[in-house]
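Visitor: Pasting a predicted model and its sequence here:
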Amino acid sequence: MAHYIFSIIALLFLCVTQSFAQSGWFWQSPLPQGNHLVGVRFISPTVGWAVGEYGTILKTTNGGASWTLQITKTRGTVMGIYFADENVGTAVGYDWWTFDGIILRTTNGGATWTSQTSGVKNCLYNVFFADANTGITVGSDGAVLRTTDGGTIWNWQPSGTTNHLYDISFTDGNTGTAVGDSGLILRITNGGTTWTEQTSGTTNRLRGVSFTDGNNGTAVGDSGTILRTTNGGVDWTLQSSLTSAQLNDVSFTDANTGTVVGGAFNPNRDVVILRTTDGGTNWTEQMSGVGWSPNGVHFIDANTGTAVGDGGTIYRTTNGGTTWTEQSSGHTPPLHGVSFTDANNGTAVGEGGFSTILRTTNGGTTWILHNPGISNALFGVSFTDAFNGTAVGDSGTILRTISGATWTLQSSGTRNALYGVSFTDVNTGTAVGDSGTILRTTNRGAMWTSQTSGTSNSLRGVSFTDAYTGTAVGDSGTILRTTDGGTTWTSQSSGTIDALFGVSFTDANNGTAVGDSGVILRTTNGASWTKQSSGTTVAPLYGVGFTDANNGTAVGSGGTILRTTNGGTTWTFQESGTSATFYGVSFSDRNTGTVVGWVILRTTNGGVTFVNHTSSEIPESFSLYQNYPNPFNPVTIITFRLQSKAFVSLKVFDALGREISNLLSKELPAGPYSQQWNATGFPSGVYFYRLQAGSFVETKKLVLLR
């Protein structure tokens, strides 16, 4: 399995059943999903699992032709997985929010995953089971846990080290090898009771290990390190890998045949896949390329293998790696802006070695890549109808289309980067950028005229509601306003020094700006701005979009999606299912929207978490149950039962009785239901949730404990 070392700072920057509520946001690019994948395990040529960030577990039953996302009810990273057969499996990892070691168990092939108590604050990197009951997992700071009852109880076992252990390989229930930091290799021959350190001959971090029998094994790690033993680790020999890349994982199917994957951490993210058929005497490079970093690999036989990596990448070979075929699809470079004019027609722009333009005419079911023939990054885009649009970007780039398909470079008259653009009709638009740059056109961009902004601060976003009335925002809390089409721009007081990255107005008076440190500013008169509570002071917010004065969505780093239905009086965190950064958001109506960044997500219900109808049973009465878990951090499940069809309202209130989250407001048929509440961004304390279904009203207390 792979040994993916995460930046905790980056990630913080931010009883499982089939009734677990589903996010109202779904993946459009990449597919099947875009979270980094860390490990992969197959039990046959057709049946396998891949695991990764944000609780991701994918399953295939057809050799990877299709993958299904399984529900884990964790936002932590699943690092390793092991199945003894098609039904019984265990996954391990780390919850970066609670700092707990994660252990998940399934007895039905992953249809449901149940959380087990690890009892440790260590990151667990990999797991092995000798049979359905006897298993072992290793992790950070020398952690070794063992179970003999299928994970009901996991016992700590001394490893004799405080170095991180990243991988284990067992050939039977007793004999295994673990590898880790500083060239550490540990060997066990009695099932986990006593670990003996072996001499590796290197101080490089070892990330992967694979044994095919008690004697023959290979370990790999940093700086192209490949070590080989033919006597159970009594002696380890350094082999020539012909690379200095970081090697992440290794998989052997017999004493001679094996594959190593890794990558170089340079701007190109070079891919390394090495193959041997003579026990490592010779290693041959099979794939070299750019764009993804493979973290894990597993071969089920000499020919059939799967590699997984960053951005949800999945590659498959059926000929021993002579050719590798990508099974994932839709990987995009970072996208900075998006504009939809209706539910079907939208355009996203970004960077990636050239000016990336993605276009959809079917609501994002398919995205078509357009290459305008220039290399500058694009940061903003504005369409007034399905065909007429303008994109802006680095070095004063302005591109125009009248068909949605072909793009023409226009003369901007500046070399300053342009970050935002807003058109109110096919002719009239404004672009803003570095050093206070403001450009204006009234003839579809045939001519752009520089306007006086009165600031040297970079302007990051702009929003016009008609040809004359607009607002631009930027660095150091800059807000500029015009009511004469930009002939004059007036500075407004924002009350913040944080950079403002996005702004959205729905009419001349009602607007919202977002920026650094989770700042959200609101105006209802176009003149004075009030700070609103976003629930975060860590995550920068890069984009915001409103469809009317009340309904809006803000997005930012760490997978942050915030939603308001009351003009920002309250903002609710929505489950995005990823920790990827979002830069842009566009809604064509209050329910239908798209967010873009390192991935593309879509919603058709305003991003509201789907409430699941858990069975066909008709309850004998209306009832509201205590949330589980309680206390919780940060996600809990609220279960209720409806005796008959009713309009259901489920809301959360703080200790002062103020509504802070509207979880549900719709008519539902009779039956049992469950609804998730994600309290990310809310402080520890006592809260109350109230269910109203027809004349039935009940309130219960819940405790958020961080």
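Guide: Thanks, I have it. Numbers count the residues shown, from 1 in each chain.

Visitor: Tell me what residue 37 is bridged to.
Guide: Assessed by DSSP bridges, residue 37 has beta-bridge partners residue 52.

Visitor: quick one, what contacts it?
Guide: 50-53, 56, 58, 295-296, 308-310, 312-314 (Cβ atoms under 8 Å, 6 or more residues apart in numbering). Using the backbone N, CA and C atoms, a C-beta is placed for each residue, glycine as well.

Visitor: Closest one of those residues to residue 560?
Guide: Ranked by distance to residue 560 (Cβ to Cβ), those are led by residue 53 at 15.2 Å.

Visitor: Now that closest one: closest residue in space, sequence neighbours ignored.
Guide: residue 35 (4.1 Å; Cβ to Cβ, 6 or more residues apart in numbering).

Visitor: I'd like to know how far that neighbour sits from residue 350.
Guide: 19 Å (Cβ to Cβ, to the nearest Å).

Visitor: What about residue 41, how many residues nearby?
Guide: 22 (other Cβ atoms under 10 Å).

Visitor: Do I have it right that it meets residue 47?
Guide: No - here residue 41 does not reach residue 47: they are 9.9 Å apart, not a contact under Cβ atoms under 8 Å.

Visitor: out of the contacts of residue 37, who's nearest residue 169?
Guide: Checking these one by one against residue 169 (Cβ to Cβ), the nearest turns out to be residue 296, at 13.5 Å.

Visitor: what helix or strand is the residue nearest to residue 53 on?
Guide: Assessed by DSSP states H and E, residue 35 sits outside every helix and strand.

Visitor: Contact partners for it?
Guide: So residue 35 contacts 52-54, 56, 312, 577-580 (Cβ under 8 Å, 6+ apart).

Visitor: Quick one, which of these are buried?
Guide: 52-54, 56, 312, 577-580 (16 or more other Cβ atoms under 10 Å).

Visitor: Could you count how many residues lie near the nearest residue in space to residue 518 that is not next to it in sequence?
Guide: Nearest residue to residue 518, sequence neighbours excluded (Cβ to Cβ, 6+ apart): residue 536, at 3.8 Å. Counted with other Cβ under 10 Å, the neighbours of residue 536 add up to 24.

Visitor: gap between residue 536 and residue 122?
Guide: 28 Å.

Visitor: gap between residue 639 and residue 187?
Guide: Applying Cβ to Cβ to residue 639 and residue 187 gives a distance of 48 Å.

Visitor: any weak-confidence spans in the stretch 51-200 of the chain?
Guide: 192 (pLDDT under 70).

Visitor: can you do 80?
Guide: Counting by pLDDT under 80, the low-confidence segments of the stretch 51-200 of the chain come to 73, 97, 191-193.

Visitor: in it, which spans are strands?
Guide: In the stretch 51-200 of the chain, the segments counted as strands under DSSP state E, counting those that start in this stretch are 56-60, 68-70, 77-83, 89-95, 100-106, 114-116, 124-129, 135-139, 144-147, 155-156, 165-170, 176-180, 185-188, 196-198.

Visitor: again with the stretch 401-550 of the chain
Guide: Using DSSP E, counting those that start in this stretch, strands in the stretch 401-550 of the chain cover 408-410, 418-423, 429-433, 438-441, 449-451, 459-464, 470-474, 479-482, 490-492, 500-505, 511-515, 520-523, 530-532, 541-546.

Visitor: Adjacent strands (with direction) for the fourth one?
Guide: For strand 438-441, the pairing partners within the sheet under DSSP bridges are strand 429-433 (antiparallel), strand 449-451 (antiparallel).

Visitor: Repeat that for the second one.
Guide: Taking DSSP bridges as the criterion, strand 418-423 forms sheet pairs with strand 429-433 (antiparallel).

Visitor: The strand it pairs with to strand 500-505, inter-axis angle?
Guide: In terms of direction (axes from the mean of the first three to the mean of the last three Cα atoms, to 10 degrees), strand 429-433 departs from strand 500-505 by 160 degrees.

Visitor: could you check the angle strand 470-474 makes with strand 429-433?
Guide: 10 degrees.

Visitor: tell me the mean pLDDT for strand 429-433?
Guide: Averaged over strand 429-433, pLDDT sits at 98.

Visitor: Next, the angle strand 459-464 makes with that strand.
Guide: Orientation check (the same axes, to 10 degrees): strand 429-433 against strand 459-464 gives 160 degrees.

Visitor: now residue 706, nearest residue through space, not along the chain?
Guide: Residue 706 sits nearest to residue 684 (Cβ to Cβ, 6+ apart), 4.6 Å away.

Visitor: show me what contacts the one you found?
Guide: 704-706.

Visitor: Could you rerun that using 10 Å?
Guide: 631, 633, 703-706 (Cβ atoms under 10 Å, 6 or more residues apart in numbering).

Visitor: and which of these is nearest residue 301?
Guide: Once Cβ to Cβ is applied, the member of the contacts of residue 684 that ends up nearest residue 301 is residue 633, at 43.7 Å.

Visitor: what secondary structure does the residue most central in space within the chain sit in?
Guide: Here the mean C-alpha position of the chain is nearest to the C-alpha of residue 578 (Cα atoms, centre = their mean), at a distance of 2.4 Å. Three-state call for residue 578 (DSSP: H, G, I helix; E, B strand; the rest coil): coil.

Visitor: Now that it has come up, it's in contact with residue 56, right?
Guide: Yes - if you go by Cβ atoms under 10 Å, residue 578 and residue 56 touch, sitting 8.9 Å apart.

Visitor: anything in contact with each of those two?
Guide: By Cβ under 10 Å, 6+ apart, the residues touching both residue 578 and residue 56 are 33-36, 312.

Visitor: ok, which pair from the residues you listed is furthest apart?
Guide: Longest span within the shared contacts of residue 578 and residue 56, Cβ to Cβ: 33 and 36, 10.1 Å.

Visitor: what's around residue 325, how many residues?
Guide: 10.

Visitor: In contact with it, which residues?
Guide: So residue 325 contacts 64, 314-318 (Cβ under 10 Å, 6+ apart).

Visitor: Now the two most distant members of the residues you listed.
Guide: 314 and 318, at 13.9 Å, using Cβ to Cβ across the contacts of residue 325.

Visitor: Tell me which of the two has more neighbours.
Guide: residue 314 (25 against 15).

Visitor: So that one sits against residue 32, correct?
Guide: Yes - here residue 314 reaches residue 32: they are 8.1 Å apart, a contact under Cβ under 10 Å.

Visitor: Find residues that contact each of the two.
Guide: 50, 58, 60, 64, 67, 327-329.

Visitor: quick revisit: verify the stated contact: the residue nearest to residue 518 with residue 561.
Guide: No - at 11.4 Å, residue 536 does not count as touching residue 561 under the criterion of Cβ under 10 Å.
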